[in-house]
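Chemist: fold the following.
(one chain, ligands or ions: 2)
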Amino acid sequence: MEPDLLLNEVAAVSVTCVIGLQWGDEAKGKLVDLLTDEHEIVVRYQGGSNAGHTVVTGGQTYKLSLIPSGILSPNVQCVVTGGVVLNPASILQEIDALVARGIKVGKNLMLSDRAHVIFPWHIAEDRALDKSCSSGENIGTTMRGIGPCYGDKVARSFAVRLGDLYRDNFRERLEYITAAKNRSLVSLNGQTGHTQLDAEAIAREYASYAKRLAPYVGDTTAYLLDAVEAGRRVLLEGAQGALLDVDHGTFPFVTSSNSSGVGVSSGSGLPGRWITKVIGVVKAYSTRVGGGPFPTEQDNEIGQHIRDRGNEYGTVTRRPRRCGWFDAVAVRYTARLSGVDALAVMLLDVLSELPDLKICTAYEIDGRRITNFPSHVEDLRRSVPVYETMPGWQQDITKIRKMADLPLAARKYLDRLSQLIARPVEVVSIGPDREQTIFARPKS
Ligand code: IMO
Ligand code: MG
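Modeler: Ligands and ions are numbered 1, 2, ... in the order given. Here you go, the predicted structure:
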């Protein structure tokens, strides 16, 4: 290839990523839906059916888990890459539910043959292991088998990828794996606590899934590399949030994939240097579902107020989410880690009734003030937030469509977040509907 040709191709690249900067549930689905019109391909590249993405469009609410939010736009190609762990039964249910509502799901969905497959033993292991989390506090996983499936992927011996379901030796491998898993599950749960896995029945069940999924399966890495080189506009949809990143989050209270910006490349197979824009999504406050330290948590009437106004209950598990003030120490860290160019601040309207708002600008550990996010979870647990208080606006903002029309106190709150995180605020969401969105610069 001629060097100048290569340069031309790189110049045409357009790859945008949407990354949650907190503990997940930042309303990434809404943002991805808004950006979908400007893109040709929408990609899910990590996580699995632990994700719950809600999209409200045309007065209809769609809850998506594994399938990219782009599926609601018929001309968009949706891709689920090899970085995802895939539960075939869940994705088929999702496909059926979409089709039943008149959404086209055919050639517009592609699933990687490299994606690792979730089996019943992964869910059994998730249940057994979360109970015995050593620190005394459970991780509180979504029980979707995510961690055990990623564990098998890294350990390799018992891993099954989507493409393996179509190979002649699948049945044989399944027998070997189920025998080993039966032994380990008995040792985890005891003889009476474990229902034997039946290789024969699982083989039949997964063969039927494989047959139904066959039209969607392909090499998504090759597809995406070709697409980007051809200048097609790609949108990568992160699941979870950067504080749940297995390497850089609040370990061990994290998910099992790289859910911060650092995971985009490994999950999708696209080189990091091709990522042209990263949008960091935050809520105007903080939430967390599951265990683990959460310095700005408000386990009081303020937290309950936010939970009620924001309908802060898990999309996947319906668990009440823990709620608290915005943590600029944590978000500054994840914005830097993820290479964020601009911020989308979601759910600003949820704060509308509160007279005063607090933002955490530093932590104190044993009387020492820090602004770097602690690397050890026990240091985070001991961190006492240092707050700055700002006046609230106490008026309805859900019908506002221009930044200049927001109450002064709301603009000042956004400006302060932007200043603390050192990134511009490009999008503000003031309600679940597409129309309830303010763009700092009008969309081109
Ligand atoms: P979306 O994409 C919020 C949390 C779980 C648990 C931890 C590990 O909707 O933002 P796992 O089942 O992944 O092993 O659970 O991670 N968690 C999420 N929290 N939103 C999510 O996804 C989450 N996915 C996982 O609650 O604390
Ligand atoms: Mg969620």
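Chemist: so, low pLDDT: which residues of this protein?
Modeler: For the chain, the stretches with pLDDT under 70 are 1-11, 132-135, 442-444.
Chemist: can you tell me the residue of it closest to ligand 2?
Modeler: Taking Cβ to the ion as the measure, the chain has G52 as its residue closest to ligand 2, at 3.8 Å. No exception for glycine: its C-beta is placed from N, CA and C like everyone else's.
Chemist: who's in contact with the residue nearest to D349 when sequence neighbours are not counted?
Modeler: Among residues not flanking D349 along the chain, I430 sits closest, at 4.5 Å (Cβ to Cβ, 6 or more residues apart in numbering). Shown in contact with I430 (Cβ atoms under 8 Å, 6 or more residues apart in numbering): L348, D349, I397, T398, I400, Q436, T437, I438.
Chemist: and the fourth one, how far from S208?
Modeler: Taking Cβ to Cβ, to the nearest Å as the measure, T398 and S208 are separated by 46 Å.
Chemist: quick one: name the residues of the protein near ligand 2.
Modeler: Residues of the chain lying close to ligand 2 by Cβ under 5 Å from the ion are D25, G52, T315.
Chemist: any idea which element the first one lies in?
Modeler: Using DSSP states H and E, no element contains D25; it sits outside every helix and strand.
Chemist: what sits closest to it if chain neighbours are left out?
Modeler: T287 (5.8 Å).
Chemist: L86: what's it in contact with?
Modeler: G48, L66, V80, L111, A115, H116, V117, I118, L162.
Chemist: what is it paired to in the beta sheet?
Modeler: V117 (DSSP bridges).
Chemist: same question for Q77.
Modeler: Under DSSP bridges, the beta-bridge partners of Q77 are I41.
Chemist: what about it, neighbour count?
Modeler: 22 (other Cβ atoms under 10 Å).
Chemist: likewise for L357?
Modeler: A count of nearby residues for L357, using other Cβ under 10 Å, gives 23.
Chemist: pretty sure it is in a strand, no?
Modeler: Yes. According to DSSP: H, G, I helix; E, B strand; the rest coil, L357 belongs to a strand.
Chemist: for ligand 1, see how far away it is.
Modeler: 23 Å (Cβ to the nearest ligand atom, to the nearest Å).
Chemist: right, and that residue touches P391 too?
Modeler: Yes. Counting by Cβ atoms under 8 Å, P391 is a contact partner of L357 at 7.5 Å.
Chemist: for the helix ranked longest in the chain, name the packing helices and strands.
Modeler: Longest helix of the chain, by residue count under DSSP state H: helix 170-189. With contacts taken as 3 or more Cβ pairs under 8 Å, 6 or more residues apart in numbering; DSSP states H and E, helix 170-189 sits against helix 120-131, helix 199-213.
Chemist: great, nothing more from me.
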